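Q: coords please:
(2 chains)
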Amino acid sequence: MKKSIWLMSLAFSLLICLSGCTALPQDQNSPNAILEEVPEVSDEPYVTLNDNVPEFSEQDFTTESFESYSELDELGRCGVAFANLGTDLMPTEQRESISSVKPSGWQSVKYATVDGQYLYNRCHLIGYQLSSENANEKNLITGTRYMNVEGMLPFENMVADYIKETNNHVLYRITPVFEGDNLVASGVQMEAESVEDHGEGIAFNVYVYNQQPGIEIDYATGQSSEISAPAEDEEVQSYILNTNTHKFHLPDCSSVSNIKTQNKSNYTGTRQELIDQGYEPCGSCQP
Amino acid sequence: MKIIVCVDERGGLSFAKKRHATDRLLREDMLKTCQNNTLWMDAYSYQQFETDFQSRIALTENYQTPIPEQDYLFVERSPLTSLLSEANTLIIYNWNRHYPSDCYLDVDFSQWHLAETEEFPGFSHPKITKEVWIK
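A: Here you go, the predicted structure:
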């Protein structure tokens, strides 16, 4: 895996050199290194990396706009997208359809709990509002609605509005992070730094999770399922215990009145907890 | 004093100690709102005004300077809780955009009433909403 990432990085560097651009991307952290740095799950759509300091090298900085996209790898997955964003790259027309692109791991699946219902969006690495890129397969990954709207879009908005306000450039690098041979990215690293004011206006380095609250995703294939509500066994409620027979009952069970006082005990908790303690459900009230 | 803040559409003030955005037409409106009174701010905020109207701005670090009742305080990256007891007016500019945030507006609006709302186009923001809240 590391070898393929290294080769992709080398090919990307050569591509930049051949294009005549002076900005070279620095070596990328391996996906595993990024995943080791961030909590596996988070209640937030994004977390900062490297104290929020982007890791561009000195030679990356230029006042000329450019954009570059990695070739798809052998699994059809996107790699690093790197750009020096300026007003000249921003769109002047409405976005065209991108539905012809099927990014790796793509599934068209709907859930009632998802904003807009569709779990996955064709998620731009470099957003349309920044790059004018339409159906570029090297710039589109399978991303959850949540990652797209709650995670990446706020940062794109911040960069776009800064460029419009100042007419300055912003170095911008998006690294999709695929674990092993997974077809769906676990998340994306977003780095940005404003050029002319040396990061005074824009500077961030964040990891955005490709997650969707309430939905479990198999990142190897893109298949997904709704996380079910807690089972009945996990519901907390009151029970009456017979500490002699080790049976447990519902409070209104007719057998409760037959339990001797010294053997009767109240319990509030889950059904499974009682079973784990060696209790059996009453055959009559079937708690 | 009168406090001025800018928020995103979810009430966020800033992310990682950096402001979300600037807009030259918002700055113009802010200075117009202050009329002849002084606009106080910290050195970070002052940077975006340097070429605009320096003479009408006074610097305060960590907002420790006692600010006269008629003057204005522009706060970009700090929760307001400790400042609100001294404030009689709160002016909120809403960018009407969603930006990343880790610092949010922390105001109990039950103690305030909305006296004025205005919308205007910014230079880099299609619609900025200005709300004036009075205690």
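Q: got the residues of chain B near chain A?
A: For chain B, the residues in contact with chain A (Cβ under 8 Å from any Cβ of the partner chain) are B:8, B:15-16, B:18, B:20-24, B:47, B:95, B:97-101, B:123-125. For glycine as for every other residue, the C-beta is placed from the backbone atoms N, C-alpha and C.
Q: tell me how far the closest residue to residue A:56 other than its chain neighbours lies from residue B:22.
A: Distances taken as Cβ to Cβ, 6 or more residues apart in numbering or on different chains place residue A:171 nearest to residue A:56, at 5.4 Å, with adjacent residues excluded. Look at residue A:171 and residue B:22: by Cβ to Cβ, to the nearest Å, they are 19 Å apart.
Q: could I get the full set of strands for chain B?
A: B:2-7, B:12-15, B:18-19, B:39-41, B:57-59, B:72-74, B:89-94, B:103-104, B:113-120, B:128-134 (DSSP state E).
Q: could you dump the ones you listed to CSV with mean neighbour count and mean pLDDT?
A: Output for these, formatted as CSV (neighbours: other Cβ atoms under 10 Å in any protein chain shown; pLDDT from 0 to 100):
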stretch, mean neighbour count, mean pLDDT
strand B:2-7, 23, 98
strand B:12-15, 22, 97
strand B:18-19, 18, 96
strand B:39-41, 23, 96
strand B:57-59, 15, 94
strand B:72-74, 24, 97
strand B:89-94, 20, 98
strand B:103-104, 16, 95
strand B:113-120, 11, 97
strand B:128-134, 18, 98
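Q: re earlier: show me which of the residues of chain B next to chain A are buried.
A: Among the residues of chain B next to chain A, those classed as buried by 16 or more other Cβ atoms under 10 Å in any protein chain shown are B:8, B:15-16, B:18, B:20-23, B:95, B:97-101, B:124-125.
Q: check contacts around the closest residue to chain A within chain B.
A: Proximity to chain A, evaluated over chain B using Cβ to the nearest Cβ, is greatest for residue B:124 at 3.8 Å. Counting by Cβ atoms under 8 Å, 6 or more residues apart in numbering or on different chains, residue B:124 makes contact with A:161, A:162, A:164, A:165, B:21, B:23.
Q: now for the residues you listed, which pair is the farthest apart?
A: The span of the contacts of residue B:124, defined through Cβ to Cβ, is set by A:162 and B:23 at 10.4 Å.
Q: how about the residue most central in space within chain A, phi and psi?
A: Geometric centre of chain A, nearest residue: residue A:210, 1.6 Å, by Cα atoms, centre = their mean. Here is the backbone geometry of residue A:210 (degrees, to the nearest 10): phi -90, psi 70.
Q: can you tell me how far it is from chain B?
A: Remark: distance between residue A:210 and chain B (Cβ to the nearest Cβ, to the nearest Å) = 17 Å.
Q: ok, that residue - contacts?
A: Listed by Cβ under 8 Å, 6+ apart, the contact set of residue A:210 reads A:143, A:144, A:147, A:184, A:185, A:186, A:187, A:188, A:217, A:219.
Q: check the gap between it and residue A:42 for me.
A: Counting by Cβ to Cβ - residue A:210 and residue A:42 are separated by 12 Å.
Q: redo the contacts of residue B:124 as JSON lines? Include distance to residue A:78.
A: As requested, the contacts of residue B:124 are exported to JSON lines (distance: Cβ to Cβ, whole Å):
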{"residue": "A:161", "distance to residue A:78": "26"}
{"residue": "A:162", "distance to residue A:78": "25"}
{"residue": "A:164", "distance to residue A:78": "27"}
{"residue": "A:165", "distance to residue A:78": "30"}
{"residue": "B:21", "distance to residue A:78": "29"}
{"residue": "B:23", "distance to residue A:78": "34"}
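Q: need these in JSON lines with pLDDT, can you?
A: Putting these into JSON lines (pLDDT from 0 to 100) gives the following:
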{"residue": "A:161", "pLDDT": "98"}
{"residue": "A:162", "pLDDT": "98"}
{"residue": "A:164", "pLDDT": "98"}
{"residue": "A:165", "pLDDT": "98"}
{"residue": "B:21", "pLDDT": "98"}
{"residue": "B:23", "pLDDT": "97"}
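Q: right, and residue A:253 touches residue A:282 too?
A: Yes: with contact defined as Cβ atoms under 8 Å, residue A:253 reaches residue A:282; the gap is 5.8 Å.
Q: show me which residues of stretch A:195-213 are buried.
A: In stretch A:195-213, counting by 16+ other Cβ under 10 Å, buried: A:195, A:199, A:201-212.
Q: what's the answer for stretch A:75-85, then?
A: For stretch A:75-85, the neighbour count (16+ other Cβ under 10 Å) marks A:77, A:78, A:79, A:80, A:81, A:82, A:83, A:84, A:85 as buried.
Q: just send these back as CSV, with secondary structure and pLDDT too.
A: Converted to CSV, these look like this (DSSP: H, G, I helix; E, B strand; the rest coil; pLDDT from 0 to 100):
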residue, secondary structure, pLDDT
A:77, coil, 97
A:78, coil, 97
A:79, coil, 97
A:80, coil, 97
A:81, strand, 97
A:82, strand, 98
A:83, strand, 98
A:84, strand, 98
A:85, strand, 98
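Q: quick one: which of these is nearest chain B?
A: Lowest distance from chain B to those (Cβ to the nearest Cβ) belongs to residue A:85, with 14.1 Å.
Q: which ones among the buried ones among the residues of chain B next to chain A map onto helices?
A: Among those, none falls in helices (DSSP state H).
Q: out of those, which one sits closest to residue A:121?
A: Distance to residue A:121, by Cβ to Cβ, is smallest for residue B:98 among those, at 15.6 Å.
Q: residues in contact with the nearest residue to residue B:79 once chain neighbours are set aside?
A: Excluding the flanking residues, the one nearest residue B:79 by Cβ to Cβ, 6+ apart is residue B:106, at 4.9 Å. Residues in contact with residue B:106 (Cβ under 8 Å, 6+ apart) are B:79, B:80, B:81.
Q: distance check, residue B:106 against residue A:106.
A: Distance from residue B:106 to residue A:106, by Cβ to Cβ: 42 Å.
Q: same check on residue B:135?
A: Look at residue B:135 and residue A:106: by Cβ to Cβ, they are 53 Å apart.
Q: tell me which residue lies farthest from the centre of chain B.
A: Distance to centre of chain B, Cα atoms, centre = their mean, peaks at residue B:110 (19.8 Å).
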